[in-house]
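Visitor: attaching a predicted model along with its sequence, questions to come.
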Amino acid sequence: MTSPGDERVRLDGAEGDFVERLAAAYAPPPMTAGERAAFDEGVRSRLERPRLRRPLIPAIAAAAAATLLWFAISDSIGPRGVPGEEEVEAVVASSWEDELFLSSDLDASEDRDESEALPGDYLAIAGAFLDG
């Protein structure tokens, strides 16, 4: 008997027969008495085994929160100190290298024609869409 809220589809004649044959073909073989007893014992032992994972989750979360709090506090406490001579030299070398490698002879306001750097296919596409 089905309840009024049952959403299962009722199968007619041939469809119902097909589903029954399919279920019978893929059903596991029946267990012997010894296999059934071993199965039941395995299920019972799993149900009675204490769960160890649950107490560990809050402990791990608390340790992670404490570690994050420690990092946040340690970054905001005390002055960093005066930079050493090596740190100053590294900053000077870095700014010199940035000026050498990242500067450009061309001003950003200059209108540059970069069409010579494009392959012919790209020039044809740009001409088709931009010119007309």
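Guide: Nice, I can see it. Note that this is a predicted model, so its numbers are computed, not measured. Numbering: from 1, shown residues only.
Visitor: give the next helix or strand downstream of the one helix or strand in the chain whose mean pLDDT sits lowest.
Guide: Ranking every helix and strand in the chain by mean pLDDT, DSSP states H and E puts helix 85-102 at the bottom, with a mean of 64. Note on helix 85-102: by DSSP states H and E, the next helix or strand toward the C-terminus is helix 120-126.
Visitor: go through stretch 44-61 and flag the buried ones.
Guide: Residues of stretch 44-61 include none that count as buried (16 or more other CB atoms under 10 Å). C-beta here means a position set from N, CA and C on the backbone, and glycine is covered the same way.
Visitor: now do that stretch, average pLDDT.
Guide: Stretch 44-61 shows an average pLDDT of 79 in the prediction.
Visitor: first to last residue in that stretch, what's the distance?
Guide: One end of stretch 44-61 to the other measures 31 Å (CA to CA, to the nearest Å).
Visitor: and the contacts of it?
Guide: Stretch 44-61 has contacts (CB atoms under 8 Å, 6 or more residues apart in numbering) with no other residue.
Visitor: what's the spacing between residue 16 and residue 22?
Guide: The spacing between residue 16 and residue 22, counted by CB to CB, to the nearest Å, is 11 Å.
Visitor: same question, residue 122
Guide: 59 Å.
Visitor: what's near enough to touch residue 25?
Guide: By CB under 8 Å, 6+ apart, no residues touch residue 25.
Visitor: CA atoms only for the helix or strand containing it, dumped as CSV, please.
Guide: Element membership of residue 25 [criterion: DSSP H and E] is helix 13-26. The C-alpha trace of helix 13-26 is given here as CSV (Å, rounded to 0.1, in the frame of the first residue of the first chain):
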residue,chain,number,x,y,z
GLY,A,13,2.3,-4.5,-17.4
ALA,A,14,5.4,-4.7,-19.6
GLU,A,15,7.3,-2.0,-17.7
GLY,A,16,6.6,-3.6,-14.3
ASP,A,17,7.7,-7.1,-15.7
PHE,A,18,10.9,-5.6,-17.0
VAL,A,19,11.8,-3.9,-13.7
GLU,A,20,11.0,-7.2,-11.8
ARG,A,21,13.3,-9.2,-14.2
LEU,A,22,16.0,-6.6,-13.9
ALA,A,23,15.9,-6.6,-10.1
ALA,A,24,16.0,-10.4,-10.0
ALA,A,25,18.9,-10.5,-12.3
TYR,A,26,21.0,-8.1,-10.2
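Visitor: alright, calling it a day.
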